[in-house]
Every structure is written in structure tokens, then in C-alpha cells.
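Q: Build the 3D model from these lines:
(one chain, ligands or ions: 1)
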Amino acid sequence: MIGYQFMGKMHSHAYRDMPFFFKTSVKPVLKAISGRKEEAVRQAAEEFGWESYETDWRKMIEREDIDVIDIVTPNHTHAEIAIAAAEAGKHILSEKPLALNVEEAKQMYDAVQRNNVVHMICHNYRFAPAVQYAKKLIEEGRIGKIYHIRANYLQDFIMDPSFPLIWRLKKEVSGSGTLGDIGAHSIDLARFLVGEIGEVSGMMETFIKERPIADLTGGLSATTDLKEYGEVTVDDAVAFLARFDNGAMGTFEATRFAGGNRNKNKFEINGENGSIRWDMENMNNLDVYFTDSPPGLQGFRTINCTEEEHPYAGAYWPPGHIIGYEHTFINLIHSFITGISNNEATAPDFQDGVINQKVMEAVEQSALNKKWMKIQI
Ligand code: SOE
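A: Numbers count the residues shown, from 1 in each chain. All right, here's what the predicted structure looks like:
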């Protein structure tokens, strides 16, 4: 694993817990974790349960006892690491967004294809049982032709203007702001559930244009020197309309300025035979509405997706015993490891990452030029 912050901890946990819940023929062995700061990475190795650590990611690529590279570093490093890992024949899981831009993402996809390695991008929300069940209902035709998806991903963690200029707020490190960090998840869910997006029309806003430069070596709570400010070079909020190839309409909103919403990732889909809605903050539940329900029973009802019938739910606890955020990663890593052991493709993969990046780039272009932009897949 390369990187060791929030996602490093999350992925480490998922590798460790996956074989506990899933009967798999292969068990991940946590060989090594890498990071530039020796004391911090040594501590991460110990806390997260890795056998060893490196302070140069290139050593990880050279090591013959390592088969898989997991990239949980800031976005500007994904491409170089993934391409080197692919050339060395390692299977790769990368955090989202795949890269800084479409060009880099394509190079990453080319490299994994050329070297015939298994590749996956970490859009974990697909792996909530309720989302997988929504997909099943859609595929079975229970919703019929889809007319609408409306997806919001709402956070509020940077609303305070004295919140420091973290890497997620610098374009050269993150590629984009809210769009790539959380909007990318909504795009992935929409592509998974509804289909490909043909064109978009977007707007973006940066509400706080300068933020204090801080020494963040000790994490987000570290000292902030309010005297020195730097420019925020990414979007704080984005909204866009989308026309899907199958005729569905999409309305999307992603923001870090929706006060009171900590991690509200939700969508509603309306089709000719019914509707589906999901909210990450109540992630085990799926609200469904079917037009053919008898009079008197019309309206939304809530299914708690913890029964054997619900994807992944059987791996955990008896019905009604809910699972959480971390289990979406465990489910994803189960797919990834199964893909590697069977030498078969997994989804979402780097091609999904490229398409996602194309949608984001079109949204950005549209916001900049104030016109609809087409997406060529
Ligand atoms: C921070 O905004 C963050 O951790 C994102 O980077 C994740 O992708 C999202 O799932 C939760 O919020």
C-alpha cells in the first residue's frame, strides 16, 4: 500500500477483515506500506498491521514479494505509481479520481492493459448491499425505463474560512475539488445504475478563494498560521445537468458547503414502473416505489437490505443487523482479490476511471465555456 492516511487505514482494515467474512481461497498478506515520513509510516505499519514499511514507493514496485499495489496517495501521484506498478506486473487498486485529467487516466489504462494486470478504482459506494440491490431491481426491469436520476453529494467540512489550504484544495495536486473528490462518486453510481452520460451542462463555484497555509504534518488539527494565505484553485461546489445515452435526465450536485451535511451521498431514480432512492447516511435501507402496488399500498416503502437475498449481506450478520461504511470497502476488496485469484476483470476498473474523468472534464469545460459539452467514450 502506498500512502497511509484516512484511506490507508480504511483499505488496511478491509484487507484484514475481508477473509474473516468471505470464504476465499486466497488471503491478502499485508507485506509493506510506504510513505515519505519514516516515523509516521513506521507507526502506520504497526497500527494497521503491515509486516514492513518503505520510505520510497519505488522500492515497493521492485519488491518481488509484492503482487498487488494499492494507491491511497494524493491524486497527482496516481499516474506515475500506477504505470510503474503495471510495468512491473503488479495488480492495482487506485483511489479515485483515477488521475489529474483524462490524458493521465488514459495512460494508466493503457499501462494496465498492456501488462495484463487486474485493475480497479475505489468507488466503494457501489458495494453497499442496498446499491447492489438497486442495480438488481433495475436489471430485472422492476423500475422500467429510467426517466430521472437526481444525485447529491453534500459535505460541509471546509465551510469555516479559516480551514487550511489542504492538498484537496490545490488543483495541481488534486485535479479538481468537490467534483473529483465526491462528485466522481455520484457519476460512478449514475453510470453503474443508469448508463452512460452523453452530454453535460455544468456550473462550478469557489466560495472561499484564499485560505491559510498551515503546517499539516500533525494532521488537520495542526497549527494554522492565519497570517499567510494561499489561493484555492479548485471548485468548492459543482452542479450539472446530464443527458444519458438512453434518454434519462440527470441532475447532480456536489458541494462541501452544505452546512449540517457531513457525508450525505444520496440519489433518487424514477422510472416508468417505479422509483428507488438511497442515502449513504442510512446506507442499509433502500426506499422503493412500484406503480403496480395495489391502491392503498401505493407510495415508497423501505427495505432494510440485510437479508440473505441482498448482495453481500449474507457474508455478515443475521437479518436486521446492519453493516457500515467500512464494509463497502471490504466488499470491494473481496471483488478485487477474487478478480486477481481468478485472473478475471473486476469493476469498476481503470476504464471506468477514464470515463468518469471524461465526464468530469466535460463538466469543467462546460462550466468554463457556459455551454453543453459532449462526452466521447
Ligand atoms: C473527503 O471528502 C472524502 O473522504 C472523500 O475523499 C471520499 O471519497 C468520500 O467517500 C468521503 O469523503
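Q: Contacts only, for the closest residue to the ligand within the stretch 201-350 of the chain.
A: Taking C-beta to the nearest ligand atom, the ligand has its nearest neighbour within the stretch 201-350 of the chain at Asn263, 5.6 Å off. Bear in mind the C-beta positions are built from the backbone N, C-alpha and C, glycine included. By C-beta atoms under 8 Å, 6 or more residues apart in numbering, Asn263 lies in contact with 155, 280-281.
Q: Which of the three states applies to Gln113?
A: For Gln113, the assignment made with DSSP: H, G, I helix; E, B strand; the rest coil gives helix.
Q: same deal with His321?
A: Going by three-state DSSP: His321 is coil.
Q: That one contacts Thr306, doesn't it?
A: Yes - between His321 and Thr306 there is a contact under C-beta atoms under 8 Å: 6.3 Å.
Q: more neighbours, the two?
A: Thr306 (22 against 11; other C-beta atoms under 10 Å).
Q: I'd assumed Gly324 was in contact with that one.
A: No - counting by C-beta under 8 Å, Thr306 stays clear of Gly324, with 11.8 Å between them.
Q: quick one on the thing from earlier: can I get the contacts of Asn263 in CSV including pLDDT?
A: Shown next, in CSV, are the contacts of Asn263 (pLDDT from 0 to 100):
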residue, pLDDT
Gln155, 98
Met280, 97
Glu281, 96
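Q: contacts with the ligand among those, please.
A: Gln155 (C-beta under 6 Å from any ligand atom).
Q: are any of the contacts of Asn263 buried, and which?
A: 155, 280 (16 or more other C-beta atoms under 10 Å).
Q: Of the contacts of Asn263, which is the nearest to Ala345?
A: Met280 (26.4 Å; C-beta to C-beta).
Q: ok, for the closest one, nearest residue in space, not its chain neighbours?
A: Counting by C-beta to C-beta, 6 or more residues apart in numbering, the nearest residue to Met280 once its immediate chain neighbours are dropped is Asn265, at 3.8 Å.
Q: Name the residues that touch the host helix or strand of the one you found?
A: With secondary structure defined by DSSP states H and E, Asn265 is part of strand 264-271. Residues outside strand 264-271 that contact it (C-beta under 8 Å, 6+ apart) are 125, 134, 138, 143-155, 182, 185-186, 189-190, 193-194, 258, 275-281.
Q: Show the low-confidence segments of the chain, by residue range.
A: 215-226 (pLDDT under 70).
Q: Quick check: residues of it near the ligand?
A: Counting by C-beta under 6 Å from any ligand atom, the chain sits next to the ligand at 6, 155, 181-182, 185, 263.
Q: can you name the two of the residues you listed that are farthest apart?
A: Farthest apart among the residues of the chain next to the ligand - using C-beta to C-beta - are Phe6 and His185, which lie 14.8 Å from each other.
Q: Which one's more surrounded, these two?
A: Ranked by neighbour count (other C-beta under 10 Å), Phe6 and His185 place His185 first, with 23 against 11.
Q: That one reaches Tyr153, doesn't it?
A: Yes - look at His185 against Tyr153 with C-beta under 8 Å: they come within range, at 6.0 Å.
Q: Quick check: the residue in the stretch 151-300 of the chain positioned nearest to the ligand vs Asn273, distance?
A: Residue nearest to the ligand within the stretch 151-300 of the chain (C-beta to the nearest ligand atom): Asp181, separated by 4.7 Å. Plainly put, Asp181 is 34 Å away from Asn273 if you go by C-beta to C-beta, to the nearest Å.
Q: Just want to know which of the two has more residues nearby.
A: Set Asp181 next to Asn273 and count neighbours by other C-beta under 10 Å: Asp181 wins out with 22 against 15.
Q: pretty sure the more buried one contacts Leu169?
A: No - look at Asp181 against Leu169 with C-beta under 8 Å: they stay out of range, at 9.9 Å.
Q: For Leu98, which residues are in contact?
A: Leu98 neighbours (C-beta under 8 Å, 6+ apart): 78, 104-105, 108, 121, 350, 353-354, 356-357.
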